[in-house]
Structures are given as C-alpha cells and as structure tokens.
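Novice: generate a structure from the sequence data that follows.
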Amino acid sequence: MEKYKIGDICEIVSGSTPKTENKDYWDGDLKWITPAEINEDSYIITDTVRKITSLAVKETNLSLFPEGTVILSSRAPIGKVAIAGCEMYCNQGFKNLICKNKINNKYLYWFLKGNTAFLQSLGRGATFKEISKQIVSNIEINVPDYDRQIEVATHLEKINKIIHLRRQELLKFDDLIKFRLRFHLF
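Specialist: Numbering: from 1, shown residues only. As a prediction, this is how the structure comes out:
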C-alpha cells in the first residue's frame with residue numbers, strides 16, 4: 001500500500017455560479033449542483049435541482065466534470081460527498097475530484113465520507129470555514145492496489161445498505177410507538 005496526496009492522483013476542479021439575475025443562464029438542460037442537494041444518504045447523484053444553459057457555460061467558463069467525479073463540498077458545510085452519476089457543473093462550494101488511474105472513485109468516496117471531521121478541521125476563514133484546492137490537494141490517502149480498492153468499496157457499500165435499512169426500520173418502529181401511545185392515551 002502506498003500513500004499519495006490527493007492532488008497527485010486526482011485532477012481537482014472547482015465550480016462557480018452564473019449570475020442569477022441573468023435569466024438567459026437559468027432553466028436550461030445542463031445539470032448544476034450545490035452542496036444543499038447532498039445529504040447523509042447521497043452516493044451517486046444523477047440529477048440536480050437547478051439547471052443552467054449552454055450560454056451560461058460559454059460566458060462564465062464553467063468547467064464540466066465527467067460522470068464518476070467525486071464531488072466534495074468545501075464550504076457551507078465542509079465534507080459532504082457524492083459521486084456524479086452523469087456529467088454536470090457545480091457552484092463554488094465544491095472541490096471536484098476527477099480520479100486518475102491510480103485510484104477508484106468509490107474508494108475515494110468512502111475515504112472522504114469516513115473522514116468528515118478531519119476535513120472540517122482543515123477549514124480556514126474568518127466569516128465561514130472553507131478548504132481550498134491546495135488543502136484538498138495535500139490530503140494524504142493510503143492507496144492499496146486497484147483490485148483491493150474495489151473490494152473495500154464494495155464491502156462498504158454493503159454495510160451502508162444495511163445501515164440504511166436499519167434506519168428505515170427504526171423510523172417505522174418510532175412511528176408505531178407513537179401511534180400506539182396515541183391510541184392508548186386518547
């Protein structure tokens with residue numbers, strides 16, 4: 001197993017926001033994501049709430065990132081992570097990690113997901129915390145051989161599915177308890 005800096009095994013691409021007052025930039029057919037759209041259960045994102053136009057891309061030099069890109073929120077808040085399930089654009093709240101041949105995107109996703117507190121501790125700034133491209137670039141990660149990365153990611157996916165199912169069961173049990181208490185108390 002070797003240790004690498006993320007900047008050595010990923011291309012890091014940032015985003016931006018086209019002027020919201022320019023109506024010609026919005027309500028197009030190109031996907032554009034913000035950190036608010038990613039939650040605890042996000043894994044592979046295939047759609048976005050807002051869409052932009054090709055004019056917005058052309059006039060604001062937005063960078064398209066490809067399917068499979070690991071999208072990491074770098075502010076407001078730091079540490080939300082998902083994988084782009086298709087090509088998309090994003091606002092400035094992300095550092096997007098386009099994996100090179102050395103690292104599997106799902107392995108990187110699980111590494112980042114498991115290190116949210118560490119990522120948040122790297123935040124800098126007075127008004128609100130943010131991690132810069134340079135900070136993300138210098139984060140070190142242990143990288144086993146590619147087959148082992150896939151094995152680890154697959155195992156973590158299975159565990160995550162079990163956790164998700166258990167959360168759903170707990171919510172149903174909670175609803176059942178509330179219902180029974182209402183029924184017996186009134």
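
Novice: per-residue confidence at residue 184?
Specialist: According to the per-residue confidence, residue 184 scores 66 in pLDDT.

Novice: for this protein, what spans make up the helices?
Specialist: 6-9, 54-60, 105-113, 116-121, 133-138, 146-185 (DSSP state H).

Novice: let me have those helices in TSV, extended by distance to residue 66.
Specialist: The way it works is simple: take the backbone N, C-alpha and C, and place the C-beta from them, glycine included. Supplementary listing: the helices of the chain in TSV, determined by distance: least, Cβ to Cβ, whole Å:
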stretch	distance to residue 66
helix 6-9	16
helix 54-60	15
helix 105-113	10
helix 116-121	23
helix 133-138	18
helix 146-185	19
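
Novice: residue 5 bridge partners, please.
Specialist: residue 140 (DSSP bridges).

Novice: neighbours of it, how many?
Specialist: In terms of burial, residue 5 registers 13 neighbours under the definition other Cβ atoms under 10 Å.

Novice: wait, what's in contact with it?
Specialist: Residues in contact with residue 5 (Cβ atoms under 8 Å, 6 or more residues apart in numbering) are 137, 138, 139, 140, 141.

Novice: are any of those residues buried, and if so which?
Specialist: Burial by neighbour count, 16 or more other Cβ atoms under 10 Å: within the contacts of residue 5 this picks out 139, 141.

Novice: highest mean neighbour count out of the helices of the chain?
Specialist: Sort the helices of the chain by mean neighbour count, taking mean count of other Cβ atoms under 10 Å, and helix 105-113 sits at the top with a mean of 22.

Novice: what does that helix contact?
Specialist: Applying Cβ under 8 Å, 6+ apart, the set of residues contacting helix 105-113 from outside is 6, 10, 43, 68-70, 72, 79, 81-83, 97, 99, 119, 141, 143, 149-150, 152-153, 156-157.

Novice: what pLDDT does the spatially closest residue to residue 7 that is not a sequence neighbour get?
Specialist: When the adjacent residues along the chain are set aside, residue 7 lies closest to residue 137, with 3.0 Å between them (Cβ to Cβ, 6 or more residues apart in numbering). What the model reports for residue 137 is a pLDDT of 98.
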